[in-house]
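*Asks:* After the sequence you'll find the predicted model.
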Amino acid sequence: MLHLKVKETIKNSGLSATKNRISVLKLFIKLNKAIKLSDIKLAVKNIDRVTLFRILNTFLEKKIIHKIVLNNGSILYALCNSSCSSKGQHIDDHIHFECSKCEDVICLDIPNYPTIDVPNFLFYNFNINATGICDNCNQSN
């Protein structure tokens, strides 16, 4: 089932479903959370660094994944949801929540995501990053 979902997602993005693309997308779907580049490299050891960067950049362009830049400068990648893209741009109407205990980064959808309207300014990106204790860590206390 997972393999079919992965292939369908890749093909619906206008890409060919290569073994390497399938492997990377399976990882995102399986983990279902934001992933550091170093963790992606460890999980897909058989893919060289250049090919992995090409796959990630292609997935970014096709809005399969989005990039998260944390306050400390760390970069992670996460799956886009179905409403992530509009008019050729990523629309990340959610909070990137970093757990200070387990260090997971989770995309949290919120109702009434704030918008910013400043005359004569055109915003391409607006991120809200939050830190705290995630649901799993909070329940284990």
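*Replies:* Everything's here; your move.
*Asks:* What is the end-to-end distance of stretch 56-76?
*Replies:* 11 Å (Cα to Cα, to the nearest Å).
*Asks:* So which bits of that stretch are buried?
*Replies:* Buried positions in stretch 56-76, judged by neighbour count with 16 or more other Cβ atoms under 10 Å: 56, 58, 59, 62, 63, 64, 65, 66, 67, 68, 70, 76. In short, each C-beta sits where N, CA and C put it, glycine included.
*Asks:* What of stretch 130-141?
*Replies:* residue 134.
*Asks:* what residues does it touch?
*Replies:* 71, 95, 96, 97, 98, 99, 100, 101, 102, 104, 106, 108 (Cβ atoms under 8 Å, 6 or more residues apart in numbering).
*Asks:* Tell me where this protein has strands.
*Replies:* 35-36, 65-69, 75-79, 85-86, 89-90, 94-99, 105-109, 128-132 (DSSP state E).
*Asks:* Going by mean pLDDT, which of those strands comes out lowest?
*Replies:* Confidence, taken as mean pLDDT, is least for strand 85-86 of the strands of the chain (a mean of 50).
*Asks:* Next up, the contacts around the residue nearest the centre of the chain.
*Replies:* Note on the chain: the residue nearest the mean C-alpha position is residue 78, at 1.4 Å, using Cα atoms, centre = their mean. By Cβ under 8 Å, 6+ apart, residue 78 lies in contact with 28, 33, 34, 35, 65, 66, 68, 105, 107.
*Asks:* who's it bridged to?
*Replies:* For residue 78, the beta-bridge partners are residue 66 (DSSP bridges).
*Asks:* Could you list the low-pLDDT ranges of this structure?
*Replies:* 82-92, 141 (pLDDT under 70).
*Asks:* Pick the one among the contacts of residue 78 closest to residue 117.
*Replies:* Nearest to residue 117 among those: residue 66, at 22.6 Å, using Cβ to Cβ.
*Asks:* So that closest one sits against residue 81, correct?
*Replies:* No. Between residue 66 and residue 81 there is no contact under Cβ atoms under 8 Å: 9.5 Å.
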